[in-house]
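Trainee: Following is a predicted model, sequence given first.
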Amino acid sequence: MTNRVKSGIPGLDQLIEGGFVEGSCILLAGQTGTGKTIFGCQFLLEGAKSGERCFYLSLEESPEDIVNDVKRFTWGNEFQRFVENKTIQIEFLMPSDIKELSSYIKNVVGSGNIRRFVLDNLSVAMMGWSESSLEIGKIRADVFNLFKMLKSKKITSLILVEIPEERTRAVSRFGFEEFIADSVIILNYLEFGTGTSVRSLLIRKMRRTKHAVDIFPFQISDEGIKISYSKPI
Ligand SMILES: Nc1ncnc2c1ncn2[C@@H]1O[C@H](COP(=O)(O)OP(=O)(O)O)[C@@H](O)[C@H]1O
Ligand SMILES: [Mg+2]
């Protein structure tokens with residue numbers, strides 16, 4: 001029997017057999033402004049409500065900025081209270097390489113009973129890493145080991161990935177991250193010729209899950225991210 005954890009995104013769990021597979025590693029990819037950070041916060045809030053310890057590792061924004069980003073949402077104050085009482089711990093790190101990132105995360109997950117983890121985001125972490133073909137095998141192995149370590153602790157992890165603007169068809173920087181992750185969710189902005197656009201979510205893969213394969217529209221409102229119609233575009 002596969003244990004499921006609620007995603008914290010209204011409308012998503014019914015598309016994925018009730019929730020994420022507990023202890024799995026989910027890649028959440030999207031261009032800037034598609035809602036990755038908000039998604040990550042809702043995912044942790046859901047866990048915090050059930051008393052789960054949650055960790056948000058930010059390589060981009062300060063913890064204060066993240067709290068301020070979500071403060072306006074209807075659940076913003078609740079989120080802030082969980083941050084204040086450390087049910088949700090947010091830390092900022094500027095790692096110079098994956099070794100530093102991995103050992104930091106290893107320390108964090110080894111020190112307490114963390115159930116949910118968000119890394120915001122892997123693309124920032126990889127910025128300085130070499131793209132030469134000699135190194136790519138090594139980076140792949142390092143990222144693989146990082147995901148493996150999180151899984152071995154049965155921590156459900158959301159790894160955010162920035163899709164570059166000019167490469168809309170790419171999911172990740174090196175093109176292997178999506179193969180290593182158990183699940184891949186892509187957030188997008190679909191533009192129509194008419195000048196209108198709609199936010200959309202696609203479950204690209206989810207191991208051990210019979211998931212919806214369509215593209216679903218979603219909204220960001222004062223309530224945060226919500227998939228209102230389980231009807232595909
Ligand atoms: N109250 C709100 N109502 C509607 N949209 C919002 C609201 N707050 C933020 N947004 C949208 O969310 C976007 C930011 O989402 P964020 O999770 O920070 O994106 P990412 O992390 O993918 O760059 C903003 O660009 C804006 O479009
Ligand atoms: Mg962000």
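Mentor: Now that the structure is in, tell me what you want to look at. Ligands and ions are numbered 1, 2, ... in the order given.
Trainee: Distance check, the residue sitting furthest away from the middle of the chain against residue 110.
Mentor: Counting by C-alpha atoms, centre = their mean, the extreme residue of the chain relative to its mean C-alpha position is residue 194, 31.2 Å from that point. Applying C-beta to C-beta, to the nearest Å, the value for residue 194 to residue 110 is 53 Å. C-beta: built from backbone N, CA, C; applies to glycine.
Trainee: Pull out the buried residues from the lowest-mean-pLDDT helix or strand in the chain.
Mentor: Using mean pLDDT, DSSP states H and E, the weakest-scoring helix or strand in the chain turns out to be helix 177-180, at a mean of 83. Residues of helix 177-180 classed as buried: 177, 178, 180 (neighbour count, 16 or more other C-beta atoms under 10 Å).
Trainee: before we move on, back to that, list the contacts of the residue farthest from the centre of the chain.
Mentor: Not one residue lies near residue 194 by C-beta atoms under 8 Å, 6 or more residues apart in numbering.
Trainee: how much space between it and ligand 1?
Mentor: 20 Å (C-beta to the nearest ligand atom, to the nearest Å).
Trainee: Next, that residue: secondary structure please.
Mentor: Under DSSP: H, G, I helix; E, B strand; the rest coil, residue 194 falls in the coil class.
Trainee: For residue 201, see how far away it is.
Mentor: Taking C-beta to C-beta, one finds residue 194 at 21 Å from residue 201.
Trainee: Residue 144 too?
Mentor: Counting by C-beta to C-beta, the gap from residue 144 to residue 201 is 26 Å.
Trainee: Kindly report the same for residue 148.
Mentor: For residue 148 relative to residue 201 (C-beta to C-beta), the value is 27 Å.
Trainee: Check the average confidence over stretch 77-92, would you?
Mentor: Here stretch 77-92 scores 98 as its mean pLDDT.
Trainee: Enumerate every residue touching the spatially most central residue of the chain.
Mentor: Taking C-alpha atoms, centre = their mean, the centroid of the chain lies closest to residue 158, which sits 3.4 Å from it. Neighbouring residues of residue 158 by C-beta under 8 Å, 6+ apart: 26, 28, 39, 40, 43, 116, 117, 118, 119.
Trainee: near ligand 1, which residues of this structure?
Mentor: Residues of the chain found near ligand 1 (C-beta under 6 Å from any ligand atom) are 30, 32-38, 69, 72, 220-222.
Trainee: Can I get the residues you listed in a markdown table including secondary structure and neighbour count?
Mentor: Converted to a markdown table, the residues of the chain next to ligand 1 look like this (DSSP: H, G, I helix; E, B strand; the rest coil; neighbours: other C-beta atoms under 10 Å):
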| residue | secondary structure | neighbour count |
| --- | --- | --- |
| 30 | strand | 24 |
| 32 | coil | 10 |
| 33 | coil | 11 |
| 34 | coil | 23 |
| 35 | coil | 20 |
| 36 | helix | 24 |
| 37 | helix | 23 |
| 38 | helix | 18 |
| 69 | helix | 15 |
| 72 | coil | 9 |
| 220 | strand | 15 |
| 221 | strand | 10 |
| 222 | coil | 9 |
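Trainee: Just put those in CSV and tack on pLDDT.
Mentor: Formatted as CSV, the residues of the chain next to ligand 1 follow (pLDDT from 0 to 100):
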residue, pLDDT
30, 94
32, 92
33, 94
34, 96
35, 97
36, 97
37, 97
38, 98
69, 92
72, 95
220, 96
221, 96
222, 97
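Trainee: Please identify the one among those that lies nearest to residue 186.
Mentor: residue 30 (6.3 Å; C-beta to C-beta).
Trainee: what's near enough to touch that closest one?
Mentor: Residue 30 is in contact with 36, 161, 162, 163, 186, 187, 188, counting by C-beta under 8 Å, 6+ apart.
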